[in-house]
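Chemist: Give me a 3D structure for the following:
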Amino acid sequence: KGYTVGLSPVLAPSGSGWDATHVSHGSVVRNPDGTWDLWYSGGNGRVDQGIGHATSPDGLAWTKDPANPITDLGCPTAVPPTSLGCPGSWNEARNYTPVVLAWPSCPTQLYKMWRTGKSAASGDSSYSIGYATMAPSALTVRNVPAPYATIQAAVDAANPGDTVLIASGTYAESVSVSKTLTLEGTGLPTIQVPGGQYGVTIAEGTTCVTIRGIRFLGDSSPAVQEGGVLIEARDAPVSVVSVDACVFYGLDNGFESRGTLSDIRILSSEFEAIQDWSAIEATTLNMGSGLPYAIDGVQICGNTIKNSSTLPVKLSNYSYGSGSTMRNLTVARNQIYGNTVTGNENWRGGITLRHGADTVTLTGNTVRDNVNMSGIHIAGAGTYDHLTIRSNALFRNTGTDRNPPNPAELSAGIKFRSITGPTTY
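Modeler: Down below sits the predicted model:
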């Protein structure tokens, strides 16, 4: 009930070619710009002879892709006209019934497809379901070290939305990113960070940057200051940044962000031998501008922070006196162990919150066997509203969590100072 039924189909067989007689099993996605994409099964005499793609401005008038059918998803070599899928693969004989979901990605959606296939091998009558991802074809991959000798050269040549694909090896450089971009390593390439610089700096006003599968290496000495990734957002906001499956070793800072930030994610990464400031830090640090900053949405999840001599995780609203705010912070499922604070940090915790925040969730973390810090330390002027601390394992954290050392300020599982507002555990 309530349906308005069209009198004519919106997509019909072509009358000739691969989908001359059959189109079926459509899967439709509406894009953020209002356009539509359709994937469908088709064939000439059967419905299982391939997958077609069509686009539409309104979901009613469709234009079929001249490159149809899609037969080469995941194929390492070109597909001959006699195959419906990758030669010798699970879907060579039949390739159909696509189901596609749009997955949020920068700068446009990433499409994820599941489809049915059948092998052409003699005696094999089984059907299987395969998976593929598809990005907009207009985006380009820039490869390092060939044809681009350095990461920065590839970044400079890239258009917004491109991927810079970095092969295994060591790259002694400091990279600046000021456009929508993905930096992705294959075989965990190493950025050897020059002294006094950061491996990657994301400039003010940038949105949609992903850094995945890269190792950031310092000289393991606090005498030469260097860091892994810096988000600089003091004069213009930065949003939608993901650092995923990276390694940070021997640096003074692992990940640092300061200013007005939103949707920042540090996921499934490893931090070791971080020497001076913090392994992971997000702050509204005021460097004299007097402007209020806002941090809205930080996820620190699934990371390992170990064998370092600084604070593992620090989220600080330093500029609370100027009206700055922090909200929607999640620290979850991190492993924090074997760290000893030796610097001049005052309030010390495996997870440290300072100067107020709204809607904070700390859950599923293990903080153990650390020295001169509490498991979780929440302190400083400011209001903490809607603070949830649940299902964390906090044990064998010893020493004093204050500077200068104070025997009366011993480490604890969870320590609070100057806290107001509702708190749940």
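Chemist: List the buried residues of stretch 177-194.
Modeler: By 16 or more other CB atoms under 10 Å, the buried positions in stretch 177-194 come out as 177, 179-185, 189-193. C-beta coordinates here come from the backbone N, C-alpha and C atoms, glycine included.
Chemist: Quick one: these as CSV, columns for pLDDT, distance to Lys415 and secondary structure too.
Modeler: As requested, the buried residues of stretch 177-194 are exported to CSV (pLDDT from 0 to 100; distance: CB to CB, whole Å; DSSP: H, G, I helix; E, B strand; the rest coil):
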residue, pLDDT, distance to Lys415, secondary structure
Val177, 97, 38, strand
Lys179, 92, 42, coil
Thr180, 89, 41, coil
Leu181, 91, 40, strand
Thr182, 90, 40, strand
Leu183, 95, 38, strand
Glu184, 92, 40, strand
Gly185, 94, 38, strand
Pro189, 97, 40, coil
Thr190, 97, 37, strand
Ile191, 97, 36, strand
Gln192, 96, 38, strand
Val193, 95, 34, coil
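Chemist: and which of those residues is nearest to Ser269?
Modeler: Gly185 (12.2 Å; CB to CB).
Chemist: in terms of contact, does that closest one touch Val200 like I think?
Modeler: No. In this structure, Gly185 is not within contact of Val200 by CB atoms under 8 Å, at 11.6 Å.
Chemist: of all the buried residues of stretch 177-194, which two lie farthest apart?
Modeler: The widest separation within the buried residues of stretch 177-194 (CB to CB) is 26.0 Å, between Thr180 and Gln192.
Chemist: what's the overlap in contacts for Gly185 and Val200?
Modeler: Taking CB atoms under 8 Å, 6 or more residues apart in numbering as the criterion, Gly185 and Val200 do not both touch any residue.
Chemist: I'd assumed Ser119 was in contact with Trp90.
Modeler: Yes. The pair Trp90 / Ser119 is scored as a contact, 5.3 Å apart, by CB under 8 Å.
Chemist: Mutual contacts of the two, please.
Modeler: Shared contacts of Trp90 and Ser119 (CB under 8 Å, 6+ apart): Ser128.
Chemist: name the helices or strands packed onto the lengthiest strand in the chain?
Modeler: Counting by DSSP state E, the longest strand found in the chain is strand 227-244. On a contact count with 3 or more CB pairs under 8 Å, 6 or more residues apart in numbering; DSSP states H and E, strand 227-244 meets strand 198-202, strand 207-212, strand 253-267.
Chemist: mind exporting it as PDB, just the C-alpha atoms?
Modeler: Taking C-alpha atoms only, strand 227-244 is exported to PDB below (Å, rounded to 0.1, in the frame of the first residue of the first chain):
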ATOM      1  CA  GLY A 227      57.400  13.800  15.700                       C
ATOM      2  CA  GLY A 228      55.400  11.400  13.700                       C
ATOM      3  CA  VAL A 229      52.100  13.100  12.600                       C
ATOM      4  CA  LEU A 230      51.100  16.700  13.400                       C
ATOM      5  CA  ILE A 231      47.700  18.300  12.700                       C
ATOM      6  CA  GLU A 232      48.100  22.000  12.800                       C
ATOM      7  CA  ALA A 233      44.700  23.600  13.200                       C
ATOM      8  CA  ARG A 234      45.200  26.800  15.100                       C
ATOM      9  CA  ASP A 235      44.100  29.300  12.400                       C
ATOM     10  CA  ALA A 236      41.700  27.100  10.400                       C
ATOM     11  CA  PRO A 237      39.900  23.800  11.400                       C
ATOM     12  CA  VAL A 238      41.000  20.400  10.300                       C
ATOM     13  CA  SER A 239      38.500  17.600  10.000                       C
ATOM     14  CA  VAL A 240      38.100  13.900   9.100                       C
ATOM     15  CA  VAL A 241      41.600  12.600   9.600                       C
ATOM     16  CA  SER A 242      42.400   8.900  10.100                       C
ATOM     17  CA  VAL A 243      45.700   7.300  11.200                       C
ATOM     18  CA  ASP A 244      45.400   3.600  10.800                       C
END
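Chemist: Fine by me, thanks again.
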